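In: I would like the atomic coordinates for the input below:
(2 chains)
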2 protein chains.
Amino acid sequence: MGTAPRAHASLHSSLITRDVVSSFARLDFASPIIERLIVAQQSALTPQAEDFPRWYQDVIAKAELADNGPVRGTMVIRPYGYGIWERIQAELDARIKAAGAKNAYFPLFIPESYLTREAEHVEGFSPELAVVTHAGGAQLAEPIVVRPTSETVIGEYMAKWVQSYRDLPLLLNQWANVVRWELRPRLFLRTSEFLWQEGHTAHATREDATAYAQHIQLEVYRDFLVNVLATPTYVGIKPPSERFAGAINTLTCEGMMRDGKALQMATSHELGQNFAKAFEMRFQSSEGKEELCWTTSWGASTRLVGGLIMAHGDDQGLIVPPRVAPIQLVILAIKETPEVTAVVTKLGDALRTAGIRVEIDRGSGSFGRRVVDWEIKGVPLRLEVGPRDLEQGHVILARRDTGDKQSLTVDTVVSTTTALLADMHDEILASATMRLETNTHEVNSVDEAIEASSGGFGRISWDLLVDGGEAQLRDQAITVRCLQRADGSLPVDEQESGLVALVAKSY
Amino acid sequence: MGTAPRAHASLHSSLITRDVVSSFARLDFASPIIERLIVAQQSALTPQAEDFPRWYQDVIAKAELADNGPVRGTMVIRPYGYGIWERIQAELDARIKAAGAKNAYFPLFIPESYLTREAEHVEGFSPELAVVTHAGGAQLAEPIVVRPTSETVIGEYMAKWVQSYRDLPLLLNQWANVVRWELRPRLFLRTSEFLWQEGHTAHATREDATAYAQHIQLEVYRDFLVNVLATPTYVGIKPPSERFAGAINTLTCEGMMRDGKALQMATSHELGQNFAKAFEMRFQSSEGKEELCWTTSWGASTRLVGGLIMAHGDDQGLIVPPRVAPIQLVILAIKETPEVTAVVTKLGDALRTAGIRVEIDRGSGSFGRRVVDWEIKGVPLRLEVGPRDLEQGHVILARRDTGDKQSLTVDTVVSTTTALLADMHDEILASATMRLETNTHEVNSVDEAIEASSGGFGRISWDLLVDGGEAQLRDQAITVRCLQRADGSLPVDEQESGLVALVAKSY
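Out: A predicted model of the protein is given here:
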């Protein structure tokens, strides 16, 4: 066997070996099942159990989600990947607007001097900055930084716009690209340029800022993650060691990927008065006193696409939850007869009218190849329309997540599909929730926490980590992902007694 | 009179002088009409007839559309300005998708070497580039250019993705920021960073590329301009001197601003095989031959907001056409009595349910001040709800464009508003069309063309400009905005006989 590493790897993923497949192929045995096995073999992804990071790279390439950009660490988001991002944007944007924030746009370029005004902030971001030194054919008097985040420039303008307590709260958001130079880039998870939304708000009191950051974390991010991305997370606050540079408190949603590692999905930061001091954001209170604002910032990025891939995908490829799927159902014409063509067109129209995102694959390749490709892309439902089934008035509906297939009559396709898409969201969420719970272990020592982190999360009293425990974990590449109250709710700060820490390896 | 230049300027705009206003003010005469005159005086914009560019700056500041950014030439788009841009984006995006293009995202950073592969392209853009020389704390081996446009990087990836004629046409679009260093920046019109969409397509034949560029120019851009922005334009092709750097043909929509100058609103470029050669975009034809692709690119930017301001605005401020208005109707509570509050809330809900974008101004300032501020913002309709009118079951509906007011009963507000918003679009478009036609003059010599361009467009045979006429115009800062057929339709190229040129001064 001339086993290139990849071919070898894929042998483990299947009950049949390459030799068996080849034998069938030589027989020219035209059974669609055999053909599909052959195709599956040819296009196999590295199995997750064998090499999860490689599976991740494979699925991004084969589902045509993204490519590496020409400049190290940058990313080309291909139409199918961007279609997922567009759905994420639309759903987040609606929730952000419902939270009262308005969209605006601040410049890509920030004077270097702005960054230095907040000491922790500049220290945190300096190693990751991209700097423009020449523009318009000449050297610049002051170097310009490509924004790694926009607290500083937005702080400068908020200071101009806020005069009185009547101007508060000031609730802004922007959809933008930011640049943080990455030495170990990974598509969607860590790229030198990424797309995100960043919210920035100013408030009259600390209590109001705290309440708003919590509202964003729970009602925007957690709600989106649960109800759109079908992704359960632990919501908590970061320990001081993991806070955003310049924040007094960072709130996070931590998801569990299918290899048991954590991914930080979206964060909100209470910035206290740090940026208000640095940018002189003052207002006249209702009692006529001049006071400093309290600010927050919060963001979610194209990293969410990485989270979607790793939280749900399996050895056959992506599993895209229906509400975020650019294509919710693909209609496959098994063979283009006049009857098939007519039914495919009619069903496509009927499903679109019912508000379902449909793609029709009249296909030029083999049926087996096309099935495998749509499975890799994780399209929730696949409707197979062939001449033989049509003689009985039937079509076949297949679920991507469970692989279940059902035969149904043409006139029940729309109602069945609508109901199934709703069920699938709930069931994908339920599966992910079960994985999260099953792979989170209550532990009582640092050693046990290290063991729990080999394929999941450890849940441990924060008190056990405060004196050196956190450092011990870090030596094993394990971090405190977040702190929660014992009942799983969001604490106000890490000073509360009785907090528990969720610890894990992470992306 | 201590007349600062601005105070002096505003005297011309009103029948009453500052002294008269001051006299009334001293009388503490509480009539709303007088109060409104006083407010109008205080917040007056520079009249258009006096100094159009200054009017433009004033209205951007007072309508809170945008601010200058901290780095020269950059722009902060404030929520109201961004709300207009969001509507523009949504409407353009729907048309782009209807034209079959899919959204994707390509990196901000382009290796400098890419730019140099197409000779005309690099020559055109070199003077405007911003260059990153340091990143991640180190000097870069190869300088990186911040994209001024993305033909080069997209060309590189299209070359990878296109193998066969079956992969064509490849129709992509991206929403992105781009950077072109501007020495004479002007908010929305020319900024060093701007937001836009850029479409990029590859085709198997020149005919297909030409047809697609025309489709975009007519069915995406012109349709959007007419049916959303209520802006008539001349659609034509650029003369060779005004083409995009690297194009063989540039299609344009040229609008007329209220000072008679032209603004290029959106363009499509036939790139021939120039970029296909530079990036080796080859495909196997249906006959099995290897051939070079034919490509197009096309874009519309935040400049459209500038066009909206200057095509419709008047001395009272913006006039935002209803379909692009972030707020279509503002409800002003004249005085907050329990009856007023109840009606305002009820009408707000009813109008929103009818799909109208409504804002409620319960207001803390004076009524006159609030009216003037909403007029500056150009909100199409203003509904005034006061206790005295309510006693008769009436409210007052005022149109921003004509200033017309009508008294109507509360139960007819929704139906009247819906009908009026549709009418207003048509009437704003009709007014702009009348201005475009009235201020376009048929001329028969370069001298006449120069005269016509003092406050409008000249329409002249292209034959009269080919031998030196274009240069003579250019000496007077007049350019050929576009070439059309005599019947106003779009020519294929400038070689067609009988073409007419539209010439004007421009932004």
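
In: so where do the helices sit in the stretch 51-200 of chain A?
Out: A:52-62, A:79-98, A:112-115, A:119-125, A:151-161 (DSSP state H, counting those that start in this stretch).

In: Just give the number of residues close to A:Arg362.
Out: A:Arg362 has 13 neighbours, counted by other C-beta atoms under 10 Å in any protein chain shown. Using the backbone N, CA and C atoms, a C-beta is placed for each residue, glycine as well.

In: swap that for A:Leu292, please
Out: 17.

In: right, and it touches A:Ala276 too?
Out: Yes: if you go by C-beta atoms under 8 Å, A:Leu292 and A:Ala276 touch, sitting 4.4 Å apart.

In: among the helices of the stretch 51-200 of chain A, which is the most enclosed?
Out: Stretch with highest mean neighbour count among the helices of the stretch 51-200 of chain A: helix A:151-161 (a mean of 23; mean count of other C-beta atoms under 10 Å in any protein chain shown).

In: That one: how far from the chain's middle?
Out: 29 Å (C-alpha atoms, centre = their mean, to the nearest Å).

In: wait, does that helix contact chain B?
Out: Yes: residues of helix A:151-161 are located near chain B by C-beta under 8 Å from any C-beta of the partner chain, namely A:Val153, A:Glu156, A:Tyr157, A:Lys160.

In: OK, contacts around the closest residue to A:Cys482 other than its chain neighbours?
Out: Leaving aside its sequence neighbours, A:Cys482 sits nearest to A:Gly236 (C-beta to C-beta, 6 or more residues apart in numbering or on different chains; 3.0 Å). Neighbour list for A:Gly236: A:Leu251, A:Thr252, A:Glu254, A:Arg481, A:Cys482, A:Leu483, A:Gln484, A:Leu490, A:Pro491, A:Leu502 [criterion: C-beta atoms under 8 Å, 6 or more residues apart in numbering or on different chains].

In: To B:Arg382, which of the helices of the stretch 51-200 of chain A lies closest?
Out: Nearest to B:Arg382 among the helices of the stretch 51-200 of chain A is helix A:79-98; the distance by C-beta to C-beta comes to 23.3 Å.

In: and that closest one with helix B:79-98, angle?
Out: 150 degrees (axes from the mean of the first three to the mean of the last three C-alpha atoms, to 10 degrees).

In: Any part of helix A:79-98 near chain B?
Out: Yes: using C-beta under 8 Å from any C-beta, helix A:79-98 reaches chain B at A:Pro79, A:Tyr82, A:Gly83, A:Trp85, A:Glu86.

In: What is the nearest of the residues you listed to chain B?
Out: Nearest to chain B out of these is A:Pro79 (C-beta to the nearest C-beta; 3.9 Å).

In: wait, the closest one sits on B:Ala101?
Out: No: taking contacts as C-beta under 8 Å, A:Pro79 lies outside contact range of B:Ala101: 9.2 Å.

In: residues shared between the contacts of the two?
Out: Joint contacts of A:Pro79 and B:Ala101 (C-beta under 8 Å, 6+ apart) are B:Leu172.

In: coming back round to it: could I get the contacts of A:Gly236 as TSV with secondary structure?
Out: Shown next, in TSV, are the contacts of A:Gly236 (DSSP: H, G, I helix; E, B strand; the rest coil):
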residue	secondary structure
A:Leu251	strand
A:Thr252	strand
A:Glu254	strand
A:Arg481	strand
A:Cys482	strand
A:Leu483	strand
A:Gln484	strand
A:Leu490	coil
A:Pro491	coil
A:Leu502	strand
